[in-house]
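Chemist: Have a look; sequence and predicted model below, questions after that.
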Amino acid sequence: MQRRDFLNSAVMAAAVTVSGVRFVSAAEYNGARMSGSLDAVRLTGERFSIPAGDLTDLNKAVYGRVLVPTSDGYDIARRIRNPAIDKHPAVIVQVRGVTDIQLAVNFAREHKMLTAVRCGGHSFSGQSVCDGGMMIDMATMPGVRIDPKNKRAWVTGGSLLGLLDRESMAHNLVTTMGTVSHTGVGGLVTGGGLGRLSRRFGMAIDNLLSVDMVTADGSFVHADATENPDLFWGVRGGGGNFGIVSMFEFQLHPMQRQVMSGTMTFPPEQSLDIFKMFADYSVHAPPMLDLSMSYSPRGATVTVFYSGDPKDLDRLLDPVRKAGKATVDRINAMDYVAVQNGGDVKETSTDPRMLMGQYMKARFLKGISPDLIKGLRDGVAKHQLSVTLSTGCGMHGNVKSTDTAFAHRYATHNMLCGTSWKENEDGAAPMKNVRDFWAEVEPLLGDVGFYVNDAPAGEVLNNANYRENYPRLVQIKNKYDSGNLFRLNANIIPTAKA
């Protein structure tokens, strides 16, 4: 069970639609002029007014759409997947190409506007939207091109990972992506990119061959192992600190469409034995077998994903089945794309997971000790929560912590704990419950760091998480974004003057 599967099991994944509402205004862009200025927020938090003429010029220049708070479609465009994050940008630019990205970046820089970049809207820290600034919406420029002969994929920065899975699997090729198909490729990959295939093929950044980017000065830059290698190093785990990626190039790998996937559920009284088994076997199992585990007061569930020869799976699952007597044991042959789509929440769905506020804590682990097992079992019982532990945390081949900006190659597992509540309810009590649980188990977790794509806003700003790579990241930030235009992320603070 990977990150997004956990969120679904915790009733946390959310999709937002606004129905029965139409926003119409004389200030509508792409067809009408705006009279008067628009209140906005600078990078410093200072409020200022954008002249109407400047917005009109921006609207005329871009091929996409420019939305302001009174625009039709603004209220849908500003929302992200966590309804607990409810922010209102002054301007949304829905880009349709590199030139649009450059125009939006130049406008934001020249006006010193707070700037957010959005694609799939899965940022749990809410960094893909902002109050009073500019949101650059990448979701309006999706696209994937596959070269099956050379096993390459070119993916635009506005693509969702499901599009890449679909197009590559048409040729029986694949690369590591996340676990829910409506996740944006840009945010996932620049944060590292964990998924069901991480143990077999490495993280998404281990399969990244090059990027095209728009940097803070509006320049269009290509980066790979030989051209701008410092930028290429930094974008592999340094998040959106250095610019906006307009194109990714990935290495693809042959893989059959049919995989084996499912769950095995064990009663609470067997949880200790399941924990002990998982602590060891999830790390030492063959790379084609990915195991994750969730634990709640109802018991333990082991989620299985296997991309190898099906005839070997029963033998490989012997350690799991010998650890306890499963009340549910359902492992089925499935299409890989269907597995990747299995955790999705459709925006037109009546699924109760919709319109749920969400909060989550996450931490990488370096091993699962007996003391941690006891602490988790006691804490889960006390706080009536669930935790999930997944593998594939960057341990691949001989990749070192300093080979890319992602510094957590030594991590064996990723641990998640979260909660949810109805959008019209107060989330203070559920969030406090998670924080109290976390405070109790945190001394048992070790100083291993966290996956920035999972972190709430308070933790995303902890630069100690970059560990030994931080000084080099600061140098790259100084070179490409000394004014810290791209600060709504796990921010690297520049030391050079803009």
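Modeler: Nice, I can see it.

Chemist: list the contacts for A108?
Modeler: If you count contacts by C-beta atoms under 8 Å, 6 or more residues apart in numbering, A108 has them with 115, 133-134, 136, 485. From N, CA and C alone the C-beta is placed, and that goes for glycine too.

Chemist: Mind telling me what element it is part of?
Modeler: helix 98-110 (DSSP states H and E).

Chemist: Output that helix as PDB, restricted to C-alpha atoms.
Modeler: Listed in PDB are the C-alpha atoms of helix 98-110, where the atom choice follows Å, rounded to 0.1, in the frame of the first residue of the first chain:
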ATOM      1  CA  VAL A  98       6.500  27.600 -22.800                       C
ATOM      2  CA  THR A  99       5.900  31.200 -23.900                       C
ATOM      3  CA  ASP A 100       2.800  31.500 -21.600                       C
ATOM      4  CA  ILE A 101       5.000  30.200 -18.700                       C
ATOM      5  CA  GLN A 102       7.600  32.900 -19.500                       C
ATOM      6  CA  LEU A 103       5.000  35.600 -19.700                       C
ATOM      7  CA  ALA A 104       3.500  34.600 -16.400                       C
ATOM      8  CA  VAL A 105       6.900  34.300 -14.700                       C
ATOM      9  CA  ASN A 106       8.000  37.700 -16.000                       C
ATOM     10  CA  PHE A 107       4.800  39.400 -14.900                       C
ATOM     11  CA  ALA A 108       5.100  37.900 -11.400                       C
ATOM     12  CA  ARG A 109       8.800  38.800 -11.100                       C
ATOM     13  CA  GLU A 110       8.300  42.300 -12.300                       C
END
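
Chemist: what comes up buried for it?
Modeler: By 16 or more other C-beta atoms under 10 Å, the buried positions in helix 98-110 come out as 98, 100-109.

Chemist: Tell me the helix or strand right after the one helix or strand in the chain whose mean pLDDT sits lowest.
Modeler: Least confident helix or strand of the chain, by mean pLDDT, DSSP states H and E, is helix 3-9 with a mean of 43. Next in sequence after helix 3-9, counting helices and strands by DSSP H and E, comes strand 38-41.

Chemist: which residues touch that next one?
Modeler: For strand 38-41, the surrounding residues in contact (C-beta under 8 Å, 6+ apart) are 47-50, 52, 55, 68, 90-91, 111, 113-114, 130-134.

Chemist: In this structure, where is pLDDT below threshold?
Modeler: 1-35, 346-355, 393-397, 456-458, 460 (pLDDT under 70).

Chemist: Report the contact partners of G308.
Modeler: Residues near G308 by C-beta under 8 Å, 6+ apart: 286, 288-289.

Chemist: redo that, cut-off 6 Å
Modeler: Applying C-beta atoms under 6 Å, 6 or more residues apart in numbering to G308 gives the contacts M288.

Chemist: helix/strand/coil for it?
Modeler: The assignment at G308 comes out as coil when based on DSSP: H, G, I helix; E, B strand; the rest coil.

Chemist: what's it sitting at in phi/psi?
Modeler: For G308, the backbone dihedrals are phi -100, psi -160 (criterion: degrees, to the nearest 10).

Chemist: Quick one: buried ones out of the contacts of strand 38-41?
Modeler: Among those, those classed as buried by 16+ other C-beta under 10 Å are 48, 50, 52, 55, 68, 90-91, 111, 113-114, 130, 132-134.

Chemist: so which of those residues comes closest to A223?
Modeler: Checking the buried ones among the contacts of strand 38-41 against A223 with C-beta to C-beta, the nearest one is M134 at 24.1 Å.

Chemist: Please flag which of the contacts of strand 38-41 sit within strands.
Modeler: If you go by DSSP state E, these have 47-50, 91, 134 in strands.

Chemist: Secondary structure element holding the closest residue to V441 other than its chain neighbours?
Modeler: The shortest distance from V441 to any non-neighbouring residue, by C-beta to C-beta, 6 or more residues apart in numbering, is to G375 (4.8 Å). Using DSSP H and E, G375 sits in helix 370-383.

Chemist: same check, this time on R145
Modeler: Going by DSSP H and E, R145 is part of strand 144-147.
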